[in-house]
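In: Fold the following.
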Amino acid sequence: ELTKAIDYISAAIPMLELYNLNYHLCYAYSDLGVIFSYTASYETSFDYFNKSAAIAKKFQFTDRLSIAFNNIGEIYKILNDYEKALSFYQKSYEEDKKTGFISCRCVYYINFAEVYYLKADYESALKYAKIALEKIKSMKYDNALCEVYKIHALIYWKLNEYARAGNFFAQALDIAEYKMMYNYKIDVLDYYHQFLIEQDQIDLATKALTEAYALA
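Out: From the prediction side, this is the model:
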């Protein structure tokens, strides 16, 4: 289905250019960037995000620029260039602020937390995770709650606060099931089974991994 999506979007781009529908062109390039990131074609994904950002900057589409910067930050995070990732998340925040925080809906706070978690700066990671939880709940952006709960679980796991970690894993799994976000649930189950193995809860760990396999 990804191939079909690429074909449809690619077919639309010349028409968008012909009629100077630049705002929608930003969408098209951003969507292509997301699709190619799913296939781990990060260089191609990066190029499309940059194209979206260039058009958004030229025509001052602040909301699209915020999203483009956040997406570029995601590529840098995947490539382990954490300082550049943080820089682009900050740019995303600054553009989003101009829109009244309605474009990215504060998801960069989750990304800040994840990067600091990967840098093993758990104090900073937890600070941003808590901000993310507060902001996303206030916006009622339930689809992002799974990621918020997951990063809390991972941070508390590293801080050896296992009861809190387990509680947040449970909340992440519940929201993923409720919203039918099965790709997210697989990801959380993978981490959760590792967490349970470390707690010597082998039966539960096996159950979690079996459920992830069934969903996959």
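
In: tell me the contacts of residue 109?
Out: By CB atoms under 8 Å, 6 or more residues apart in numbering, the contact list for residue 109 reads 128, 129, 131, 132, 135, 136. C-beta coordinates here come from the backbone N, C-alpha and C atoms, glycine included.

In: Which phi and psi values does it adopt?
Out: Phi and psi for residue 109, reported as degrees, to the nearest 10, are phi -70, psi -40.

In: Now do the contacts for the nearest residue to it once chain neighbours are set aside.
Out: In this structure, residue 109 finds its nearest non-sequential neighbour in residue 132, 3.7 Å apart by CB to CB, 6 or more residues apart in numbering. Contact analysis of residue 132 by CB under 8 Å, 6+ apart lists 106, 107, 109, 110, 112, 113, 144, 148, 151.

In: how about a cut-off of 10 Å?
Out: The neighbours of residue 132, taking CB atoms under 10 Å, 6 or more residues apart in numbering as the test, are 106-114, 144-145, 147-148, 151-152.

In: Likewise for residue 206?
Out: Contact analysis of residue 206 by CB under 10 Å, 6+ apart lists 193, 196, 197.

In: what about residue 181, distance to residue 62?
Out: 28 Å (CB to CB, to the nearest Å).

In: Correct me if wrong: residue 153 contacts residue 188.
Out: Yes. Between residue 153 and residue 188 there is a contact at 7.9 Å, judged by CB atoms under 10 Å.

In: overlap in contacts of those two?
Out: Common contact partners of residue 153 and residue 188 (CB under 10 Å, 6+ apart): 168, 169, 170, 171, 172, 173.

In: May I ask which of those residues has the most neighbours?
Out: residue 172 (28 neighbours; other CB atoms under 10 Å).

In: so that residue is in which element?
Out: helix 162-178 (DSSP states H and E).

In: can you list contacts of that helix?
Out: Against helix 162-178 from outside (CB under 10 Å, 6+ apart): 129, 133, 142-159, 161, 181-189, 191-192, 195-196, 198-199, 201, 208, 211, 215.

In: One more pass at 8 Å, please.
Out: Here helix 162-178 makes contact (CB under 8 Å, 6+ apart) with 142, 145-147, 149-150, 152-154, 156-157, 181-182, 184-185, 188-189, 191-192, 195, 199.

In: again, but for stretch 111-129
Out: Contacts for stretch 111-129 (CB under 8 Å, 6+ apart): 70, 73-74, 77, 80, 82, 85-86, 89, 109-110, 132, 148, 151-152, 154-155, 158-159.
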